[in-house]
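Colleague: generate coordinates for the sequence data below:
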Amino acid sequence: MSYTDARIEGTPLIAPSTIEHPLYDSVVEACRTVYDPEIPVNIFDLGLVYTVQIDAESAVNIVMTLTAPGCPVAGEMPGWVADAVNAVPGVKQVDVQMTFEPQWGMEMMSDEARLELGFM
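Modeller: Model prediction:
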């Protein structure tokens, strides 16, 4: 589905996270322990984590991207994220999916990341 098709159908391009789940904040903090080796900012604040969904059985599904499709750690980064989140007490399983729709852009970074990288 293209960006235009998603807009027409009213489907969000990035699925919402389950922020009300009791494990959500701990999962986010675990994601913040993973860094892109080329940028000194964690992947969550970089905006690489698009969606964190946690079901009733505490299984976590993360949809994330990379700064570029040819990123040298593309094959390793999902494992780093899964390992970090699996260490959170109460998490039953973790599935990390990569996507490049939508493509990552600097506007996805948090204010903290922009400040750290000198963009603010």
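Colleague: which stretches of the protein form strands?
Modeller: 49-54, 59-64, 93-98 (DSSP state E).
Colleague: hmm, who's touching stretch 56-70?
Modeller: Residues outside stretch 56-70 that contact it (CB atoms under 8 Å, 6 or more residues apart in numbering): 14-15, 23, 27, 31, 36, 38-39, 43, 46, 48-55, 73-74, 77-78, 81-82, 85, 90-100, 103-104. C-beta here means a position set from N, CA and C on the backbone, and glycine is covered the same way.
Colleague: tell me the centre residue of the chain?
Modeller: Val49 (1.1 Å; CA atoms, centre = their mean).
Colleague: show me the helices in this structure, by range?
Modeller: 3-9, 24-31, 43-46, 77-86, 111-116 (DSSP state H).
Colleague: which one of those is the most hemmed in?
Modeller: Comparing the helices of the chain by mean neighbour count (mean count of other CB atoms under 10 Å), helix 43-46 comes out on top with a mean of 23.
Colleague: what packs against that one?
Modeller: Counting by 3 or more CB pairs under 8 Å, 6 or more residues apart in numbering; DSSP states H and E, the packing neighbours recorded for helix 43-46 are helix 24-31, helix 111-116.
Colleague: alright, calling it a day.
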